[in-house]
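Visitor: sequence unavailable; structure follows:
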């Protein structure tokens with residue numbers, strides 16, 4: 001069975017990433033505060049795509065992708081729940097994690113500690 005991907009965030013970037021993962025055979029759950037806004041995406045995604053809360057997406061994924069807008073990322077991670085953030089990877093800026101007490105190791109799978117500079 002292919003890896004399951006949980007995506008925290010439900011904007012355009014999240015949906016494009018989810019479509020790409022599904023295209024390559026992965027199962028994807030997109031987490032959102034408002035899953036109703038994802039009905040159109042869910043209908044197009046078929047059986048390999050699903051939606052839920054941030055916590056449900058984080059718990060679902062063997063790999064977790066943070067794709068929330070920078071201003072909302074910290075709150076999205078809090079809503080995902082620190083006990084759900086024990087999977088392979090969550091790549092975020094260090095300042096987003098400030099104030100969160102995570103018991104699990106949060107890292108990028110390629111060893112980056114901060115995003116690439118433009």
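Guide: Yep, that arrived. Quick caveat: nothing in here was measured; it's all calculated off a predicted structure.

Visitor: quick one, strands of this structure?
Guide: Assignment of strands within the chain using DSSP state E yields the ranges 4-8, 27-31, 49-52, 63-66.

Visitor: hey, least reliable of these by pLDDT?
Guide: Mean pLDDT values for those show the minimum at strand 63-66, a mean of 88.

Visitor: ok, it: who's next to it in the sheet?
Guide: strand 4-8 (parallel) (DSSP bridges).

Visitor: ok, back up a step: can I get the strands of the chain in a markdown table including distance to residue 73?
Guide: (Glycine included, C-beta is placed from N, CA and C.) Formatted as a markdown table, the strands of the chain follow (distance: least, CB to CB, whole Å):
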| stretch | distance to residue 73 |
| --- | --- |
| strand 4-8 | 8 |
| strand 27-31 | 12 |
| strand 49-52 | 18 |
| strand 63-66 | 6 |
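
Visitor: okay, the ones you listed in CSV with distance to residue 85 and mean neighbour count next?
Guide: Output for the strands of the chain, formatted as CSV (distance: least, CB to CB, whole Å; neighbours: other CB atoms under 10 Å):
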stretch, distance to residue 85, mean neighbour count
strand 4-8, 9, 26
strand 27-31, 12, 26
strand 49-52, 15, 20
strand 63-66, 7, 22
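
Visitor: perfect, that will be all.
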